[in-house]
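Asks: Coordinates only, no sequence provided:
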């Protein structure tokens, strides 16, 4: 079976704080938790929930390296490159009374041209034909806008399948290397195409414009509306009409969805089965404290309730 490798160039410590409400001068937290994360790492954690091995690559601030090496397990192998500085912190503040989430992002490390070359060389020495590489998240300060394009081009030379999940200039430049699939959310696709995506039809048209550039599949995550999958072979959508309650957090749901896509690909699942697995993984992540660490039994329950519609 093909290997799955994730790349997270801009890793993060995700810090979750739960409070009753946000009123008053001194607010007492009901709970707080922190996890070594970043979009590709979240994907990797979710891959292991499906009993699939994965290797996580990327940059980590040397001051934060211990937290990231600690996530290693028999299924999840870490091979991070330590760079000067500290990994950024993403703070999610959730008020239980209103189910409101607020997000605070801090600045993190910068990378150098030499750091980028180290990651390229590392990837070059690891991947072989048939492997799957998932490149996720934003670029750190110091990385060139076309760095994902360079990584994808290297994978293409080695007959490696690439899934890209990013936004802005990193996504725009990455598409030029023609990854197998991209996974923007609806707003990221709108930003990429410059179109006002007001309904399913406009999303399909925007995604088809990306397909015309050489990308095989566009998976558009749409929150409660599920996912819209557009490719040369057709267009379909999938979602759960009813969700369990209560939802814990939306953080990492798109990453869990992408993990389902990657695992479905290496297992050579049919398209409908792949879409159902992806949506079930993304949904199960709604009820997890840690991004990517969803409950398999809950995912299996969701799997049987995913509804597919072809266009």
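Replies: Nice, thanks for sending it over. These numbers come from a predicted model, not from an experiment. Numbers count the residues shown, from 1 in each chain.

Asks: does residue 210 sit in a helix, a strand or a coil?
Replies: Under the three-state scheme (DSSP: H, G, I helix; E, B strand; the rest coil), residue 210 adopts helix.

Asks: Check residue 42 too.
Replies: Residue 42 ends up helix, using three-state DSSP.

Asks: quick one: it from residue 179, how far?
Replies: Using C-beta to C-beta, to the nearest Å, one gets 19 Å for the distance from residue 42 to residue 179. The C-beta positions use only the backbone N, C-alpha and C, and glycine is treated the same way.

Asks: Comparing the two, which shows the higher neighbour count?
Replies: Between residue 42 and residue 179, residue 42 has the larger neighbour count (other C-beta atoms under 10 Å), namely 31 against 27.

Asks: distance of that one from residue 227?
Replies: Per C-beta to C-beta, residue 42 is found 17 Å from residue 227.

Asks: what pLDDT, on average, does whichever strand or helix holds residue 256 get?
Replies: Using DSSP states H and E, residue 256 sits in helix 253-266. What helix 253-266 shows for mean pLDDT is 98.

Asks: Once you drop chain neighbours, what's closest to residue 278?
Replies: Sequence neighbours aside, residue 260 is the residue nearest to residue 278 in space, at 3.6 Å (criterion: C-beta to C-beta, 6 or more residues apart in numbering).

Asks: mind listing the helices for this structure?
Replies: Under the criterion DSSP state H, the chain contains helices at 39-49, 65-69, 113-126, 147-157, 168-175, 186-193, 200-211, 253-266, 271-284, 296-303.

Asks: Between those helices, which one is closest to residue 81.
Replies: Set against residue 81 and scored by C-beta to C-beta, those come closest in helix 113-126, at 5.5 Å.

Asks: for that closest one, packing partners?
Replies: Packing partners of helix 113-126 (3 or more C-beta pairs under 8 Å, 6 or more residues apart in numbering; DSSP states H and E): strand 4-8, strand 54-61, strand 76-83, helix 147-157.
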